[in-house]
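K.L.:
next one to model:
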Amino acid sequence: QVFSLIYRTANKRNAISDAGCTFLNPINGDYNFLSPEISQIIQHKLGADVVTVLDVPMRHDASTNEVRKAIKRNTEWALRSKRKFLELNGLSENDFNNPKIVRPKLGAVIQGGNDFELRKESALSLLEVGFDFYNFGGPPIHKDKNWYKTAPIGFNHELIHFVSELIPNDKIKYAMGIGSPDDILYSISVGWDVFDTVLPTRNGRHGYLYVTKGEGDTHYDNYDVLHVKNKECEFDEKPVDSTCSCECCKNVTRAYLRHLIKINDPAGWRLSSIHNLTFYNNLLNH
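P.N.:
Below is the predicted model of the structure:
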């Protein structure tokens, strides 16, 4: 989010330096400073069980030299983050490596854009520092694809597979921001363990519903999509997905859900989110 705030507005005071990053607070107009150490303090005060270092993401159009410079800073920030993490939790390096000690888990973020060698360089430098889990940083997409308009077509299968093999299997592999059902299932097949994505809820609010094969109007490898706002659903009395037993599918028709979303009734957004989250859970459980 900080990365987005910094690059979304052309303001010289929005900046990333070795010390940390300065950005404009869009709520009150104040400028804030966030460093690797401050990030750890915030997460510690929140009582987080899963903690992530402050990383250095890159724009998709960054040059090789820019990415290499960012990787160096990313590793330095990760090292500073770990030092602060140990200090805040009263741990030594030996304590950190002792599996008998109960403590929060700390993860680092592998960067490098679409460059395989730079990804390897980032991963190896972070493995040398030592963390509990390793995240895939940045969207794994081909440079000639637009993430928002062509996903999952633009998904870089080779890159996500390559980075997974760089991480030891005794470490948790976290694929940040992935993704569509097909992308998640592929990522699982090449070793990734943990995922997070806004797609079920964000897409649900726009009437984009994930359904079982044969139930939707658009077809992918492991699922269909039902665009419930389409005219075809205006008088459709079927549930969103006849194979689903979620609160949405048990209680409302496609026609009524379409009506709720079209009039911006929060109940429609909630029901769509419930269905999509149920679909994701069922797919992964199977």
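K.L.:
after the lowest-mean-pLDDT helix or strand in the chain, next one along is what?
P.N.:
Comparing helices and strands within the chain by mean pLDDT, DSSP states H and E singles out helix 147-150 as the least confident, with a mean of 44. Scanning the chain past helix 147-150 towards its C-terminal end, the next helix or strand to appear is helix 157-166 (assignment: DSSP states H and E).
K.L.:
what's the following helix or strand after that following helix?
P.N.:
strand 172-176.
K.L.:
angle of that following strand against helix 157-166?
P.N.:
Using axes from the mean of the first three to the mean of the last three C-alpha atoms, to 10 degrees, one finds that strand 172-176 and helix 157-166 are set 150 degrees apart in direction.
K.L.:
how about residue 206, what does it touch?
P.N.:
Taking C-beta atoms under 8 Å, 6 or more residues apart in numbering, we find residue 206 in contact with 229, 261. From N, CA and C alone the C-beta is placed, and that goes for glycine too.
K.L.:
now the phi/psi pair for it, please.
P.N.:
With angles defined as degrees, to the nearest 10, residue 206 sits at phi -100, psi 10.
K.L.:
where does the stretch 1-150 of the chain dip in pLDDT?
P.N.:
Counting by pLDDT under 70, the low-confidence segments of the stretch 1-150 of the chain come to 9-10, 143-150.
K.L.:
tell me where it has helices.
P.N.:
For the stretch 1-150 of the chain, helices defined by DSSP state H, counting those that start in this stretch occupy the ranges 2-8, 36-46, 64-88, 93-96, 116-129, 147-150.
K.L.:
among those helices, which is nearest residue 212?
P.N.:
The minimum distance between residue 212 and the helices of the stretch 1-150 of the chain falls on helix 147-150, with 23.6 Å, by C-beta to C-beta.
K.L.:
please report how far residue 42 lies from residue 26.
P.N.:
18 Å (C-beta to C-beta, to the nearest Å).
K.L.:
please say which of these two ends up with more neighbours.
P.N.:
Residue environment comparison for residue 42 versus residue 26 gives the larger neighbour count to residue 42, 13 against 10, counting by other C-beta atoms under 10 Å.
K.L.:
surely residue 227 meets residue 210?
P.N.:
No. Taking contacts as C-beta atoms under 8 Å, residue 227 lies outside contact range of residue 210: 11.3 Å.
K.L.:
quick one: closest of the helices of the stretch 1-150 of the chain to residue 172.
P.N.:
Nearest to residue 172 among the helices of the stretch 1-150 of the chain is helix 116-129 (13.2 Å), distances taken as C-beta to C-beta.
K.L.:
quick one: contacts of the closest one?
P.N.:
Counting by C-beta under 8 Å, 6+ apart, helix 116-129 makes contact with 64, 67-68, 71, 74-75, 78-79, 82, 108-113, 134, 159, 162-163, 166-168, all of which sit outside it.
K.L.:
if we go to 6 Å?
P.N.:
The set of residues that contact helix 116-129 without belonging to it, under C-beta atoms under 6 Å, 6 or more residues apart in numbering, is 67, 71, 75, 78-79, 108, 110-112, 162-163, 166.
K.L.:
ok, residue 42 - contacts?
P.N.:
For residue 42, the set of contacting residues under the criterion of C-beta under 6 Å, 6+ apart is empty.
K.L.:
what of residue 220?
P.N.:
For residue 220, the set of contacting residues under the criterion of C-beta under 6 Å, 6+ apart consists of residue 182.
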